[in-house]
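Participant: Provided below for reference: sequence and predicted model.
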Amino acid sequence: MRVRRILAAVIATAALAGVGLTGAASASAAPQGARSYVTPSQCKQGGGTPAINEAGNYCKGGTHDGEQVD
């Protein structure tokens, strides 16, 4: 009985460690320095205001703050 509990604990720990490693690997696989563009409607849906007439065409405020509007 004790062996089963220990084995279950080891398997659970390994499973949780595997999930953590998988998440870290997928996060590091994302391209670094990639430019982010949003549409004016995405900017508005995120709670921001598309500043299309200003230099750079950026989204001001909301979840897409500072991202370029395309």
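Facilitator: Nice, thanks for sending it over.
Participant: phi, psi of the nearest residue to Gln68 once chain neighbours are set aside?
Facilitator: Leaving aside its sequence neighbours, Gln68 sits nearest to Tyr37 (CB to CB, 6 or more residues apart in numbering; 5.3 Å). No exception for glycine: its C-beta is placed from N, CA and C like everyone else's. Tyr37 adopts backbone torsions of phi -120, psi 140, taken as degrees, to the nearest 10.
Participant: Over to Thr63?
Facilitator: Backbone torsions for Thr63, taken as degrees, to the nearest 10, come to phi -80, psi -20.
Participant: just Asn57 next, same as before
Facilitator: phi 50, psi 60.
Participant: The one 4 residues further on too?
Facilitator: Recorded main-chain torsions at Gly61 are phi 80, psi 170, according to degrees, to the nearest 10.
Participant: for stretch 47-62, which positions count as buried?
Facilitator: Within stretch 47-62, the residues that qualify as buried are 48, 50, 58-59, 62, counting by 16 or more other CB atoms under 10 Å.
Participant: Inside strands: which ones of these?
Facilitator: Within these, residues falling in strands by DSSP state E are 50, 58-59.
Participant: which of the buried residues of stretch 47-62 lies closest to Ile6?
Facilitator: Gly62 (50.5 Å; CB to CB).
Participant: Spit out the contact partners of that closest one.
Facilitator: 43, 46-49 (CB atoms under 8 Å, 6 or more residues apart in numbering).
Participant: Now tabulate the ones in strands among the buried residues of stretch 47-62 in a markdown table and tack on pLDDT and distance to Ala9.
Facilitator: Output for those, formatted as a markdown table (pLDDT from 0 to 100; distance: CB to CB, whole Å):
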| residue | pLDDT | distance to Ala9 |
| --- | --- | --- |
| Pro50 | 90 | 53 |
| Tyr58 | 89 | 51 |
| Cys59 | 91 | 48 |
